[in-house]
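J.: sequence-free structure coming up:
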């Protein structure tokens, strides 16, 4: 549950071997510009590194960018680690090159939303703000 006295904290991560992070940096800046506190972990993060950082930073949201095509291998492991850490209240979103056929299986894992290439930064900001607002209502 978010403390209303602090901004939404978002961890932006690049899991796996994908070295292209321009999109993640654009999203991180848009989230920061909207008033969120953003922690960017950089490229080539392991699932363990991402979940450990999210736990240590006490984030409300984990946003991951995957362009490598390894989303069905990496994201289930990350979601398992999140559950093992008792971080079920953390909103997890992913963006990148994710085929339409893979989106529902990712949501079935507990990923809140999947954003494709070219998704407007405003729609990502709005989604996170609306999700956090919905969580703070009794």
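T.: The structure has been received and is ready for your questions. Quick caveat, the model's predicted, so the values are computed rather than measured.

J.: from here on, just use CA atoms for contacts and neighbour counts.
T.: OK.

J.: just give me the residue right at the centre of the protein.
T.: By Cα atoms, centre = their mean, the chain has its centre lying nearest to residue 63, at 1.5 Å.

J.: partners of the helix or strand containing it, with directions?
T.: For residue 63, the host element (DSSP states H and E) is strand 61-66. Strand pairing for strand 61-66, using DSSP bridges, gives strand 9-13 (parallel), strand 91-96 (parallel).

J.: for residue 54, which of these is the nearest?
T.: strand 9-13 (6.3 Å; Cα to Cα).

J.: so what touches the closest one?
T.: 24, 28, 36-43, 45, 50, 53-54, 58-65 (Cα atoms under 8 Å, 6 or more residues apart in numbering).

J.: in helices, which of those residues appear?
T.: If you go by DSSP state H, these have 24, 28, 50, 53, 54 in helices.

J.: single out the most deeply packed of the strands paired with strand 61-66.
T.: Ranked by mean neighbour count, those are led by strand 9-13 with a mean of 25 (mean count of other Cα atoms under 10 Å).

J.: so what's the residue lying closest to residue 19 once chain neighbours are set aside up against?
T.: Nearest non-adjacent residue to residue 19, counting by Cα to Cα, 6 or more residues apart in numbering: residue 43, 5.8 Å away. Contact partners of residue 43, counting by Cα under 8 Å, 6+ apart, are 13, 14, 15, 16, 17, 18, 19, 20, 21.

J.: most neighbours of all those residues, which one?
T.: residue 13 (30 neighbours; other Cα atoms under 10 Å).

J.: for that residue, name its beta-bridge partners.
T.: Applying DSSP bridges, one finds that residue 13 bridges with residue 64.

J.: wait, which of the contacts of residue 43 is closest to residue 89?
T.: Once Cα to Cα is applied, the member of the contacts of residue 43 that ends up nearest residue 89 is residue 13, at 18.0 Å.
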